Structure formats: C-alpha cells, structure tokens
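S.K.: heads up, no residue letters with this:
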C-alpha cells in the first residue's frame with residue numbers, strides 16, 4: 001500500500017511549487033531522504049520541477065527504466081538511488097509540478113488525493129505535516145520518531 005506525500009518549496013514570491021510522490025512518504029523514508037540529501041535549494045527546485053514521482057531517491061538521477069524488476073542486478077544497481085518520475089521515466093503526460101498561492105491551497109489540493117505527509121521547504125529548513133495538521137520541523141519530527149522507536 002502506498003504512503004502518499006507531497007513535496008513543496010516556498011519561493012521568494014511566497015508561492016509554493018510542489019510535486020506528488022506515490023510511495024514511501026512516511027518520515028523514516030521520504031522524510032529522512034529529504035532531510036539528508038535535499039538541503040541545497042537548487043537541488044530541491046530541480047527535484048520538484050521533475051514533476052510527479054513514483055518514488056523519491058537520494059539522487060534525482062537521469063531517465064531510466066520505470067520498472068527495474070526484471071533487469072539484471074548490475075543494471076538495477078545503477079538506478080536504485082534515483083528518483084523515479086512518472087513523466088521522465090514512464091513517459092506519462094500531465095505529470096508536471098503544481099504551483100499554489102498558499103500553504104492552505106497546497107494542503108487542500110493534495111489532501112483531496114489522499115496524501116498523508118506534506119513536506120515543505122521554507123526559509124532554509126524542511127517542515128512536515130501529517131494529514132494536513134500543523135507543520136513542524138522535519139528534524140524534530142524525525143528525532144521524536146527515532147526516540148519512540150528506541151523505547
């Protein structure tokens with residue numbers, strides 16, 4: 001079962017550029033990847049400009065086979081850390097990123113398609129919201145989850 005997420009970036013003008021991600025949206029996967037590998041604003045913008053994603057990887061990567069299941073292990077290994085986009089890697093249409101005028105509009109749109117986790121990069125830090133509740137620091141949410149797992 002998919003854990004859907006939306007990944008957004010607050011621009012200088014205050015609009016939000018965002019893209020949907022279908023798989024592994026939970027904190028310990030997409031949250032950890034964003035927190036660890038997407039700290040450069042240019043890379044974050046590039047990620048979102050790629051449009052809707054099947055899965056988020058530590059690397060944006062290059063066009064590659066959407067389904068790597070039947071590839072030889074050596075071929076699979078080339079793509080395992082790459083983000084998989086519906087448009088770039090599966091040649092689907094109408095998978096572009098979206099632009100929203102406000103955080104509320106961002107949450108409302110993606111909540112309407114079943115998104116559970118909302119990630120938003122704003123003023124140099126990642127924020128997260130589960131089910132559209134209040135946003136909080138992604139770093140703090142990850143730390144809290146790790147401490148709960150340790151108990």
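M.R.: That came in fine, so what should we check first? Nothing here was measured: the structure is a model prediction, and the numbers come from that model.
S.K.: Show which residues not belonging to stretch 106-120 make contact with it.
M.R.: 3-10, 16, 18, 20, 25-27, 30-31, 34, 98, 100, 103, 126-132, 135, 138 (CB atoms under 8 Å, 6 or more residues apart in numbering). Any C-beta I mention is one placed from the backbone N, CA and C, and that applies to glycine too.
S.K.: Averaged pLDDT, that stretch. What do you get?
M.R.: Computed over stretch 106-120, the mean pLDDT rounds to 97.
S.K.: For that stretch, buried residues please.
M.R.: Using 16 or more other CB atoms under 10 Å as the test for burial, stretch 106-120 gives 106, 107, 109, 110, 115, 116, 117, 118, 119, 120.
S.K.: Over to stretch 34-47?
M.R.: So, applying 16+ other CB under 10 Å, buried residues of stretch 34-47: 34, 35, 37, 38, 44, 47.
S.K.: Same check on stretch 60-77?
M.R.: 60, 61, 64, 68.
S.K.: What ranges does this structure have for its helices?
M.R.: Taking DSSP state H as the test, the helices found in the chain are 32-37, 41-49, 73-79, 86-90, 103-111, 138-150.
S.K.: For the last one, name the packing helices and strands.
M.R.: By that I understand helix 138-150. helix 32-37, strand 125-130 (3 or more CB pairs under 8 Å, 6 or more residues apart in numbering; DSSP states H and E).
S.K.: Pull out the buried positions in it.
M.R.: 138, 141, 142.
S.K.: Run the angle between that helix and strand 125-130 for me.
M.R.: 50 degrees (axes from the mean of the first three to the mean of the last three CA atoms, to 10 degrees).
S.K.: what pLDDT, on average, does helix 138-150 get?
M.R.: On average, helix 138-150 scores 87.
S.K.: Need the contact partners of it.
M.R.: 27, 28, 31, 32, 34, 35, 119, 125, 126, 127, 128.
S.K.: can you list the weak-confidence ranges in the protein?
M.R.: Applying pLDDT under 70 to the chain flags the ranges 1, 150-151.
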